[in-house]
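S.K.: One predicted model, sequence on top.
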Amino acid sequence: MTNMDKLYESVAANGPVCVGLDTEISYLPTTDTAKTAGENVVDFNRALIAATKGVAGCYKVQIAYYESLGLDGMRAYAETLRLARATGLPVIADIKRGDIAKTAEMYAKAHFTGDFEADIITLAPYMGLDSISPYLPYCKDQGKGVFVLCRTSNPGAKDFEYQKLADGRHIYDLVGDSLTELGKDYMGEHGYSSIGLVIGGTHTEEATAIRAAYKNTFFLIPGYGAQGGKAADIAQYLTKGNGGVVNSSRGILLAYKKQPGVAFDEAAYNECVRMREDIQGECNKL
């Protein structure tokens, strides 16, 4: 069974909420001055993971927040990955690597084995398909997965991804088509490839067409909540509530600020439930 299969089963059981552990020290309601910044972050993440593991489809850990704390932060990153993976839920390492050749081989080794091992990682494809190929042996031999940037949720997506090719397709169409073709050799039991796509939920005009074009591709969908994506839009990218996970980071990590008197971990749980019900309600209307 591939990790995309496990992700599919997790979404079927718990719903499509991807809890983004993009934890900045300033997000913590309190800190222990006897501990390092990284240790405080781990304490926060540990409680949040324990509270949400029954209502999360997966976890996503954005490495930049940990790198910014130096060695202390990278220890916190490794421990956060360990804690999240111990739940049995799939864990995405949001590293967005995009290099080639031996460098990419070393990135693959670093993030699919050892201290920083994750189940699925994010990649940037704009150096070409040879920036993806060094990761594929891990998909074939160990069932690992990748989510590759395709059509992202940031305003700057218009700068390159939306530019038109001579045949009328957008650049994001070329990326999606190429990776979907490549992914046919890495299909799982539930009909999804180990090569997934990052499809932002903030630009919704093409949602139906994108979902129809990539029926066998799992989506990582950023943009919900803080970036403006609405559940009614997000639902268009899912197939009967599955086939994708919807990331929320600040919305969950900082939920306690909108729930006065509620502990941060309980508030995070409440937000996961609210988000899951919000998305499922819109999926039920389709």
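M.R.: Yep, it's here. Numbers count the residues shown, from 1 in each chain.
S.K.: Not counting its own residues, what contacts the helix or strand where residue 83 lies?
M.R.: Here residue 83 sits within helix 70-85, counting by DSSP states H and E. Judged by Cβ atoms under 8 Å, 6 or more residues apart in numbering, the contacts made with helix 70-85 from elsewhere in the structure are 21, 23, 36-39, 41-42, 45-46, 49, 59, 61, 63, 65-67, 69, 91, 93, 115-119. To be clear about C-beta, it is placed using only N, CA and C from the backbone, and glycine gets the same treatment.
S.K.: Show me what counts as buried in that helix.
M.R.: Neighbour counts over helix 70-85 (16 or more other Cβ atoms under 10 Å) mark 73, 74, 75, 76, 77, 78, 79, 80, 81, 83, 84, 85 as buried.
S.K.: how much space between the first one and residue 99?
M.R.: Put plainly, it is residue 73. Counting by Cβ to Cβ, to the nearest Å, the gap between residue 73 and residue 99 amounts to 22 Å.
S.K.: likewise the fifth one?
M.R.: Using Cβ to Cβ, one gets 20 Å for the distance from residue 77 to residue 99.
S.K.: quick revisit: wait, which of the buried residues of helix 70-85 is closest to residue 191?
M.R.: Of all the buried residues of helix 70-85, the one with the least separation from residue 191 (Cβ to Cβ) is residue 85, at 24.6 Å.
S.K.: Show the contacting residues for the closest residue to residue 143 other than its chain neighbours.
M.R.: The shortest distance from residue 143 to any non-neighbouring residue, by Cβ to Cβ, 6 or more residues apart in numbering, is to residue 2 (4.1 Å). Listed by Cβ under 8 Å, 6+ apart, the contact set of residue 2 reads 139, 143, 144, 145, 186, 188, 189, 194.
S.K.: Model confidence for the nearest residue to the third one once chain neighbours are set aside, exactly?
M.R.: Spelled out, that is residue 144. Closest residue to residue 144 in three dimensions, ignoring its sequence neighbours and counting by Cβ to Cβ, 6+ apart: residue 138, at 4.1 Å. Among the per-residue scores, residue 138 shows a pLDDT of 98.
S.K.: Quick check: residue 138 vs residue 123, distance?
M.R.: From residue 138 across to residue 123, the span is 12 Å (Cβ to Cβ).
S.K.: Compare neighbour counts for these two and give me the winner.
M.R.: The neighbour count for residue 138 versus residue 123, taken as other Cβ atoms under 10 Å, is higher for residue 123 (23 against 20).
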